[in-house]
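Undergrad: Quick one, structure for this:
(one chain, ligands or ions: 1)
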Amino acid sequence: MESFGTRLHRAITERGPLCVGIDPHPGLLAQWGLPDDVQGLDRFSRTVVEALGDRVAVVKPQSAFFERFGSRGVAILESTIRQLRDAGSLVLLDVKRGDIGSTVSAYAAAYLDPSSPVYVDAVTASPYLGVGSLAPMFELAAEHGGGVFVLALTSNPEGAAVQRAVTADGRTVAQTVIDEISQLNRGAAPLGSFGLVVGATIGDTGHDLSGVGGPLLAPGLGAQGAGAADLRTVFGSSLASVLPSYSREVLSAGPDVAALRAAAERVLVDCRAVLPAR
Ligand SMILES: O=c1ccn([C@@H]2O[C@H](COP(=O)(O)O)[C@@H](O)[C@H]2O)c(=O)[nH]1
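TA: Have a look, this model is predicted:
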């Protein structure tokens, strides 16, 4: 099977560099005139798939908003993943998993084994039990053409205290994560399958992203205050690897399908003005 990096590179070339999240916040359900229950969740998700599944490179369901409805919410997540795959977008499940390696094996089986009901193209993962503890995810992803996006410099202000702490060798915690992921992508072309999450809100932190070789997912745009122009400051010479990610900024245009499409197109135009042509 083709690697996730190759598939992502093609999706970005064909559809443009954009990831849109499915984040059914209670406030958005209300704004869309939907009840805060599983029927509302189902309608919301189906509408996003109808509007964007056939045109956006990557769609990123936020697992928390499905999990809060228990098993019936997870059943809707499963169905949403299937619908997105049928519509042709890559599915990145934002689930931020991480644990000791033996448990990470089970998470890997849940999300990156094609026989699983919640199998997706890629997942987000937390490195705070050590990047090495995520090895079972990296291995299964490599085996089945999947991807893993590891948190490096998150978009929330609280992240900095941990991520920018300096380790014994003088690098920040985030730089050690960046460097380990860079190793995993060595030699991969046109794009590695192992990405990093770097928030668009963080400004110029002086971290070296130049050797990553994989995609840089940039949340924090729109509702969290960053704009496309901030990508230049955060990513500098690594802009060509950036995958901008928007959730509420696009979703708040719904439930009208045409309005959702127009909102996604608008942010894509903003990002294209900043990112190098791909
Ligand atoms: O550093 C991070 C990592 C993940 N996220 C997730 O992205 C979306 C952002 O939603 P917006 O509505 O565009 O603010 C959300 O699912 C977060 O959990 C992030 O924001 N920052």
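
Undergrad: When you work out contacts or count neighbours from here on, use the C-alpha atoms and nothing else.
TA: OK.

Undergrad: so what's Ala152 closest to, chain neighbours aside?
TA: Spatial nearest neighbour of Ala152, chain neighbours left out: Ala174 (5.0 Å); criterion: C-alpha to C-alpha, 6 or more residues apart in numbering.

Undergrad: The one you found: neighbour count?
TA: Burial of Ala174 is recorded as 24 neighbouring residues (other C-alpha atoms under 10 Å).

Undergrad: Confirm it sits in a helix?
TA: Yes. Using DSSP: H, G, I helix; E, B strand; the rest coil, the secondary structure at Ala174 is a helix.

Undergrad: show me the contacts for it.
TA: Applying C-alpha atoms under 8 Å, 6 or more residues apart in numbering, one finds that Ala174 lies in contact with 152-153, 163-164.

Undergrad: measure it to the ligand for me?
TA: 12 Å (C-alpha to the nearest ligand atom, to the nearest Å).

Undergrad: again, but for Leu231
TA: For Leu231, the distance to the ligand under the criterion C-alpha to the nearest ligand atom works out to 14 Å.

Undergrad: okay, now the residue in the chain positioned nearest to the ligand: neighbour count?
TA: Relative to the ligand, the nearest point of the chain is Thr154 (3.2 Å; C-alpha to the nearest ligand atom). Other residues within reach of Thr154, judged by other C-alpha under 10 Å, total 22.

Undergrad: What score does it have for pLDDT?
TA: We have a pLDDT of 98 for Thr154.

Undergrad: swap in Pro61?
TA: pLDDT for Pro61: 99.

Undergrad: Going by secondary structure, it is in what exactly?
TA: strand 58-61 (DSSP states H and E).

Undergrad: and that strand, what other elements does it pack with?
TA: In this structure, strand 58-61 makes packing contacts with strand 19-22, strand 90-97, judged by 3 or more C-alpha pairs under 8 Å, 6 or more residues apart in numbering; DSSP states H and E.

Undergrad: which stretch among these comes nearest Glu139?
TA: Proximity to Glu139 (C-alpha to C-alpha) singles out strand 90-97 among the helices and strands packed on strand 58-61, at 15.3 Å.

Undergrad: Contacts (any at all) between the ligand and that closest one?
TA: No. Applying C-alpha under 6 Å from any ligand atom, one finds that strand 90-97 is not in contact with the ligand, the shortest distance being 6.7 Å.

Undergrad: The residue of the chain most remote from its centre and Thr176, how far apart?
TA: Among the C-alpha atoms of the chain, the one most distant from their mean position (C-alpha atoms, centre = their mean) is that of Ala168, at 30.3 Å. Applying C-alpha to C-alpha, to the nearest Å, one obtains 11 Å for the distance of Ala168 from Thr176.

Undergrad: One more: Asp54?
TA: Summarising the geometry, the distance separating Asp54 from Thr176, computed by C-alpha to C-alpha, is 37 Å.

Undergrad: How about Val166?
TA: Relative to Thr176, Val166 is positioned 10 Å away (criterion: C-alpha to C-alpha).

Undergrad: cool, Ser210 as well?
TA: According to C-alpha to C-alpha, Ser210 and Thr176 sit 14 Å apart.

Undergrad: Looking at these two, which is more packed in?
TA: Between Ser210 and Thr176, Thr176 has the larger neighbour count (other C-alpha under 10 Å), namely 19 against 15.
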